[in-house]
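Asks: My questions are about this predicted structure, shown below with the sequence.
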Amino acid sequence: MTTTLTQGAAGEEAAVEWLRANGFMIVERNLRYGRYEIDIIASRWDTTHFVEVKTRRLGSMVSPEQTINESKRRALHRAIASYITTHRLRGEVQIDLAAVDALPDGTYSVRYIENAVEYGW
């Protein structure tokens, strides 16, 4: 039986592989600002993508997309604002979601949702 942490790490690795296969450059992973975390920071063209990864077993009662609530949105905004300030980031920014399904055969399926969370200055 897979633990939640192991499944989450495997889902994040699947998301990284998907991003690389689709032309993204991985900038940072698991970056912490106090109690807030950014799972993946990636870039493609002139846009910095802050990617939240949510992994669930296929058929779970709650899909990965349903786990992004208001509290999570606020936490993401705080972490991203800290990153932008610290790194003096310029250019386009967006918050994306890598919704990862853990399949019964031990593989992972990634659905990538761009602009899953609106980011306003």
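Replies: Received, thanks.
Asks: Can you report how many residues neighbour residue 41?
Replies: 20 (other CB atoms under 10 Å). For every residue, glycine as well, the C-beta is placed using N, CA and C.
Asks: Okay, strands next: where are they in the chain?
Replies: Ranges of strands in the chain, per DSSP state E, are 25-33, 36-44, 47-57, 92-102, 108-117.
Asks: Can you name the residues that contact the residue minimising distance to the centre of the chain?
Replies: The centroid of the chain falls nearest to residue 52 when counting by CA atoms, centre = their mean (1.9 Å). Applying CB atoms under 8 Å, 6 or more residues apart in numbering to residue 52 gives the contacts 38-39, 68, 72, 76, 95-98, 116-117.
Asks: before we move on, what about residue 77?
Replies: residue 119.
Asks: try 10 Å
Replies: With CB atoms under 10 Å, 6 or more residues apart in numbering as the criterion, the residues that contact residue 77 are 36, 50, 95, 117-120.
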